[in-house]
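J.: Fold the following.
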Amino acid sequence: MEKGISVAALALAGTLAAGTVLAGGPREVRKTLPLDADGTLSVETYKGSVTVTAATGAEASVEARIVPDGDDAASLRRAEETDVVIEGGGRTVTVRTDDSRARRERWFRIGDDGSSPMVHYTIRMPETARLRVEDYKSATRVSGLRSDLSLQTYKGTVEVSGQNGAVDLETYKGEVAIGFAALSKPVRLQTYKGEIRLRLPASSAFEVDADTGRRGDFETEFEMTTRSGGSSRRIRGAVNGGGPKISFETDKGSLALAKE
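T.: Predicted coordinates:
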């Protein structure tokens, strides 16, 4: 009898647990930390979105929303087991999506093929602090940054406006659009088959060094006073007398330079 009660109790507990998982929805995490004007904010995530707005002040305000990517029990469970870590302060602030618990728990569940959740970040940070984003396939938007920007994404989309600092970008096959308030520092772009478009003030002075690979493409609205290269794949030139260098490397991707 006791054994029967125990089995029934366990069955009921399992049902309630499953019901709790199935009822799970978006979770929100908020935190504000001090960040020096010349500090660094780093974001590491997998999929969802990263929206960063640069502002005055000396703090980083982070809001994260964890949303299940599917309504099946496994996807809801993975969302419950995914965390957001926001830590640091002063010189550095680190923001990351932590799915180590979800990955660890999957080893103990047969047939658990649920999808990783979407994590949507909304961040405000000092305009003169550096920003670094490492991502797999999120939609990243950055506006008003007056410092260096480093972006690594596999096949996410990137939209940057009002950039005034160095850019270091690596993407596999994402779509990237970067608008510059001014081109004052070097820009390094690398992609396998992504599409990259830069919008620059018409008076910008810069140099270009583009390796277009086997089937890459390069086009520009600017008049380049010099253009040379060791091979048909290499394009070198100067615009308005030269200045900071725009370096581009691809295999099958494209780079377009447009006037703002």
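J.: Please look at Ala238 and Glu223 and confirm they touch.
T.: No. Using C-beta atoms under 8 Å, Ala238 is not in contact with Glu223; the gap is 10.1 Å. For the C-beta atoms, the positions are set from N, CA and C on the backbone; glycine is no exception.
J.: which ones are touching the closest residue to Asn240 other than its chain neighbours?
T.: Beyond its immediate neighbours in the sequence, the residue positioned closest to Asn240 (C-beta to C-beta, 6 or more residues apart in numbering) is Ala205, lying 3.9 Å away. When contacts are counted by C-beta atoms under 8 Å, 6 or more residues apart in numbering, Ala205 touches Leu183, Val239, Asn240, Gly241, Gly242, Gly243.
J.: now do Glu59
T.: Counting by C-beta under 8 Å, 6+ apart, Glu59 touches Thr32, Leu33, Pro34, Leu35, Met125, Pro126.
J.: repeat that with 6 Å
T.: Taking C-beta atoms under 6 Å, 6 or more residues apart in numbering, we find Glu59 in contact with Thr32, Pro34, Leu35.
J.: For it, give its distance to Thr212.
T.: Glu59 is 43 Å from Thr212, where distance means C-beta to C-beta, to the nearest Å.
J.: what about stretch 198-210, how long is it end to end?
T.: Start-to-end span of stretch 198-210 (C-alpha to C-alpha, to the nearest Å) is 14 Å.
J.: Buried ones in it, by neighbour count?
T.: Using 16 or more other C-beta atoms under 10 Å as the test for burial, stretch 198-210 gives Leu198, Arg199, Leu200, Ser204, Phe206, Glu207, Val208, Ala210.
J.: What helices and strands are in contact with the helix or strand in which the second one is found?
T.: In this case it means Arg199. Secondary structure from DSSP states H and E places Arg199 in strand 195-200. Judged by 3 or more C-beta pairs under 6 Å, 6 or more residues apart in numbering; DSSP states H and E, strand 195-200 is in contact with strand 175-180, strand 254-259.
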